[in-house]
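Asker: Below are the sequence and a predicted model for it; my questions follow.
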Amino acid sequence: MISNQILQSTIEGIKNISRVELCVTDVEGKVLVTTFPEVEISQNDIVTFAQSQADPDHENYQFFKVYDEHQLEYILVVKGGNDDIHLIGKMVTFQIQGLLTAYKERFDKDNFIKNLLLDNLLLVDIYNRAKKLHIEVEARRLVFILETNPDKNSGALESVKSLLGTKSGDFITAVDEKNIIIVKELAPGEDYAQMNKVAATILEAAGRDEEGKTHVAYGTIVKEIKEVSRSYKEARMAMDVGKIFSAENDIYAYSSLGIGRLIYQLPIPLCKMFIKEIFGNKSPDDFDEETLTTINKFFENSLNVSETSRQLYIHRNTLVYRLDKLQKSTGLDLRVFEDAITFKIALMVVQYMKYMETLDY
């Protein structure tokens, strides 16, 4: 079914060109859209026409049936009784039938893409349906996920469609009230640098919100239609992992997740066992803010004592004292690369566990 808004704009556009009044009803005679306020024919006349093969006898109006394939979908009423009006009616009928076909194909493509993303199709069905819907099978594609705050931006889907929907090879669909999926077809030569710019553009189109609930994540580039679901799963993981370990950012790329991608797949009991082995009965939450700031800044500066002390505005010996104190309490010397890696992973595991606890609620 075509939306009434599209139908209305269509018949108004035709009226502006032809100067002919038009009305579209359903098969039960209910007016859906019209360019004139009052129809001088009864609902019964329209129903009778819909159910019969003969044209109604009415000197001021002409009736036309609009089919969706072989099913009667609409009744078109054209004001006027001469041959020119009849020709216009035929043309409008053809136009509406073309809209029905386009909308049906669009719906079928949307449905196909959703099932493709969710792995609901057999391999043979993927290729058969793609061919039927005229979707290129071998094309470079990448999946973006836009997560929005539905309370702040209900028009995000339309904004993104206006931005990217002009290219026939791109598909944009909403899977729920806050997640929009964009399957983008890449031009030759486009790479991840360009895709990061596209992600930023999508974010701007959707509109950032102050609560930090708008994010864009994307998977890796795939070369065949059957691999699109993999890029979607990667984008989904990138969204989750990004929000855990890079909460300060709003664009997450699967290819840049690093070790966080591995930690995200660890079972919680194994994480708890690892943390207990590293910290014993303590927890990183027990560290004071000064210690945590020192640790994070030390990691940011690649274990460089001089640069870290400079950025913290403290004497080098003060930093060494803090590191020695941390070594005594944990048994890990962050100046030793292996110990630093262990400590960094432990902090990330704690972040992951905290995030999973919030999901449980």
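Answerer: Happy to help now that I have it. Numbers count the residues shown, from 1 in each chain.

Asker: what's near enough to touch the residue nearest to Phe171 when sequence neighbours are not counted?
Answerer: Distances taken as C-beta to C-beta, 6 or more residues apart in numbering put Val183 closest to Phe171, at 4.3 Å, once the chain neighbours are dropped. Quick note: C-beta positions are derived from backbone N, CA and C, even for glycine. Taking C-beta atoms under 8 Å, 6 or more residues apart in numbering as the definition of contact, the neighbours of Val183 are 113, 117, 141-143, 170-172, 228, 232.

Asker: Out of these, list just those in strands.
Answerer: 141-143, 171-172 (DSSP state E).

Asker: ok, back up a step: which SS class is the residue nearest to Phe171?
Answerer: Under DSSP: H, G, I helix; E, B strand; the rest coil, Val183 falls in the strand class.

Asker: Tell me the pLDDT of it.
Answerer: Note for Val183: predicted pLDDT of 94.

Asker: let's number from 869 now, not from 1
Answerer: New numbering, starting at 869: the last item is Val1051.

Asker: May I see the buried residues of the strand or helix carrying Lys1029?
Answerer: Under DSSP states H and E, the secondary-structure element containing Lys1029 is helix 1024-1032. Using 16 or more other C-beta atoms under 10 Å as the test for burial, helix 1024-1032 gives 1024-1025, 1027-1029, 1031-1032.

Asker: same deal with stretch 978-996?
Answerer: Residues 980-981, 984-985, 989, 994-995 are the ones in stretch 978-996 that count as buried (16+ other C-beta under 10 Å).

Asker: I'd like those as a markdown table, with distance to Pro1137 and pLDDT appended.
Answerer: Rendered in a markdown table, the data for these read as follows (distance: C-beta to C-beta, whole Å; pLDDT from 0 to 100):
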| residue | distance to Pro1137 | pLDDT |
| --- | --- | --- |
| Phe980 | 40 | 88 |
| Ile981 | 38 | 88 |
| Leu984 | 35 | 90 |
| Leu985 | 31 | 90 |
| Leu989 | 35 | 85 |
| Ile994 | 38 | 89 |
| Tyr995 | 42 | 89 |
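
Asker: now, among the residues you listed, which is nearest to Gly1110?
Answerer: Taking C-beta to C-beta as the measure, Leu985 is the one of the buried residues of stretch 978-996 closest to Gly1110, at 19.2 Å.

Asker: Run a quick neighbour tally on Asp1108.
Answerer: Around Asp1108 there are 18 other residues, counting by other C-beta atoms under 10 Å.

Asker: Next up, the contacts around it.
Answerer: Applying C-beta under 8 Å, 6+ apart to Asp1108 gives the contacts Tyr1132.

Asker: Tell me how many other residues crowd Ile909.
Answerer: By the measure other C-beta under 10 Å, the count of residues near Ile909 is 18.

Asker: before we move on, back to that, for the helix holding Lys1029, the distance to its chain's centre please.
Answerer: 10 Å (C-alpha atoms, centre = their mean, to the nearest Å).

Asker: Tell me where the model's unsure across the stretch 1069-1218 of the chain.
Answerer: Within the stretch 1069-1218 of the chain, the ranges that satisfy pLDDT under 70 run 1077-1080.

Asker: where along it do the helices fall?
Answerer: Ranges of helices within the stretch 1069-1218 of the chain are 1096-1113, 1128-1131, 1136-1147, 1157-1168, 1173-1180, 1184-1198, 1205-1228, based on DSSP state H, counting those that start in this stretch.

Asker: among the ones you listed, which is the most enclosed?
Answerer: When neighbours are counted by mean count of other C-beta atoms under 10 Å, the highest per-stretch mean among those falls to helix 1096-1113, a mean of 21.

Asker: and that helix, how far from the chain's centre?
Answerer: With C-alpha atoms, centre = their mean as the basis, the mean position of helix 1096-1113 lies at 12 Å from the chain mean.

Asker: quick one: that helix to helix 1205-1228, angle?
Answerer: Counting by axes from the mean of the first three to the mean of the last three C-alpha atoms, to 10 degrees, helix 1096-1113 points 100 degrees away from the direction of helix 1205-1228.

Asker: Please consider this matter closed, and thank you.
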